[in-house]
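Participant: predicted model, plus sequence, below.
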Amino acid sequence: MYFNVFVMPVLLFVAQLEEPPPKVLAAIHRVLVKASPGAAKWCTETDLNSMQVEYGARFSFRSLAATAVAAKIRVGCWEARAGGGLRASEADKSLQATLLRSEYVCRCIRWSSWFGSSFPGNLCRADEQLRAAGTSSRRLVEKLGKCQPHPWPQDVTDRARKNTQSSAYNLLNKRPQGWAEERIRTKFNCWRLAGFPRILAREALSRLRLIGQRTPPRVHAAVWSTLFGRWLTARRTGKWGACRFSCGAGSCDVTHYVACPRIRKFAADNLDLRVSGAEARQVFTLTEHPADHNGDADILVKVALAVFVAYRTFNSLRHASHLSEYETRRALSQALVEATRGEATLMQLVSKARAKRWGGAAPPAEPDAEHPPACRRRRLR
Ligand SMILES: [Zn+2]
């Protein structure tokens, strides 16, 4: 969000007529890597540019290259329109002809990069890129004006002018059909899921998009991160480590965490989400519904909340020493509060799930809940 609001507008003021230099594109790439920390190569810059359209997130990091081209399309279409437009194509042809006729050959060669990046030339190249994406700037503007006869009324002109850049950006940033499905399919290789890879990827993608509509961005991001292997587990770094939730039954690996007994017990107690160890991997990768919850309309949201709780707590405990069951439970509860904060629908869902699970009564107090171990009391407050 901050990237789109504060970084991009500053760069785009120049990019309306200039091409972004490779050094700037490399700097943007470094910023995106810092903005999305995680295991090595867990996602690409293209993933981050297409989060909203392809994976159902609430926003995407804008692509500087595509936005710069779209801004030039807007300038070429609408700038000085009352006087007949900028006539960039004619100006570029005239410049090329002048260069060919010039007697100063050495000067033309020495300054070729400067002449080659002229403003009319940049505008023409932007138009060519839009053609490669499937339309021309003239057709795009006519489509925005709903092909009405000219001259257009002021409101139609204003609407077309306002939407030119965003429509051009969407066209330039569009991925081929099935691109997101293929990405998820590649990521599923390490999960060893049972079923046809193409069908599993399609199921997971459609559920991921639904989660984006029904949960806050932080929850959707946690689910997406899990599918894409963002968890910085010991196994991901080539080492061995015990489960950070101290269940004593598995290693520090994302395929264990989604089936960790402590996570499943927490989900059953607080979300009324009963998932067996055998099906946990399929359920938490969104490729299957839990067998015990047929017909539950909120099941997908509960699964998303459970994944968020696990992911958030894992990140908090990544550098922690061994925790007791009481401490792990407190950390998981805190993550659930964070997941539902400010979301009345999700808070109601959790309350209802707890009421259903415990028959309207408060969850029974755990043996050490009222009197936590003294040595831990201050740290957990
Ligand atoms: Zn575990």
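Facilitator: The structure has been received and is ready for your questions. Numbering: from 1, shown residues only.
Participant: near the ion, which residues of the stretch 251-381 of the chain are found?
Facilitator: Within the stretch 251-381 of the chain, the positions adjacent to the ion are residue 260 by Cβ under 5 Å from the ion. (Each C-beta comes from the backbone N, C-alpha and C, glycine too.)
Participant: residues near the residue of the stretch 251-381 of the chain found nearest the ion, how many?
Facilitator: Distance from the ion to each residue of the stretch 251-381 of the chain (Cβ to the ion) is smallest for residue 260, at 3.3 Å. Using other Cβ atoms under 10 Å, residue 260 is surrounded by 22 other residues.
Participant: that one touches residue 252, doesn't it?
Facilitator: No. With contacts defined as Cβ atoms under 8 Å, residue 260 does not count as touching residue 252, sitting 10.5 Å away.
Participant: and residue 214, what does it touch?
Facilitator: Going by Cβ atoms under 8 Å, 6 or more residues apart in numbering, residue 214 touches 300-301, 304.
Participant: same question for stretch 63-70, mean pLDDT?
Facilitator: Averaging pLDDT along stretch 63-70 gives 92.
Participant: hmm, I typed the wrong one, I wanted stretch 117-134.
Facilitator: Stretch 117-134 carries an average pLDDT of 91.
Participant: repeat that for stretch 87-102.
Facilitator: Averaged across stretch 87-102, the pLDDT comes to 89.
Participant: and what of stretch 276-290?
Facilitator: Rounded mean pLDDT across stretch 276-290 is 89.
Participant: contacts made by that stretch with the rest, please.
Facilitator: For stretch 276-290, contacts defined as Cβ under 8 Å, 6+ apart pick out 188, 191, 193-195, 200, 203-204, 207-208, 211, 223, 226-227, 255, 258-259, 261, 264, 273-275, 291-292, 299-300, 303, 306-307.
Participant: domain boundaries for this structure, per the record?
Facilitator: Domain segmentation of the chain under automatic domain parsing yields 2-172, 184-380.
Participant: just those domains: most buried one?
Facilitator: By mean neighbour count, with neighbours taken as mean count of other Cβ atoms under 10 Å, domain 184-380 ranks first of the domains of the chain at a mean of 17.
Participant: quick one on the thing from earlier: can you lay out the domains of the chain as a markdown table showing distance to residue 178?
Facilitator: Below are the domains of the chain laid out as a markdown table (distance: least, Cβ to Cβ, whole Å):
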| stretch | distance to residue 178 |
| --- | --- |
| domain 2-172 | 10 |
| domain 184-380 | 9 |
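Participant: can you pull the contacts of residue 20?
Facilitator: 11, 64-65, 68.
Participant: which strand or helix spans it?
Facilitator: Following DSSP states H and E, one finds residue 20 outside all helices and strands.
Participant: pLDDT at it, what is it?
Facilitator: 89.
Participant: go on, residue 185?
Facilitator: Confidence at residue 185, expressed as pLDDT, is 94.
Participant: residue contacts, it?
Facilitator: If a contact means Cβ under 8 Å, 6+ apart, then residue 185 has 197-198, 200-201 as its contacts.
Participant: residue ranges with poor pLDDT in the stretch 151-300 of the chain?
Facilitator: 292-295 (pLDDT under 70).
Participant: kindly recompute the last result at 90.
Facilitator: Across the stretch 151-300 of the chain, the ranges flagged by pLDDT under 90 are 151-157, 189-195, 235-251, 272, 274-279, 288-299.
Participant: next up, phi/psi of residue 241, please.
Facilitator: Phi and psi for residue 241, reported as degrees, to the nearest 10, are phi -150, psi 160.
Participant: from the contacts of residue 185, which two are the most distant?
Facilitator: 198 and 200 (7.4 Å; Cβ to Cβ).
Participant: hmm, residue 227 and residue 184 touching each other?
Facilitator: Yes. The pair residue 184 / residue 227 is scored as a contact, 6.2 Å apart, by Cβ under 8 Å.
Participant: what do the two both touch?
Facilitator: Here residue 184 and residue 227 share the contacting residues 204, 208, scored by Cβ under 8 Å, 6+ apart.
Participant: great, nothing more from me.
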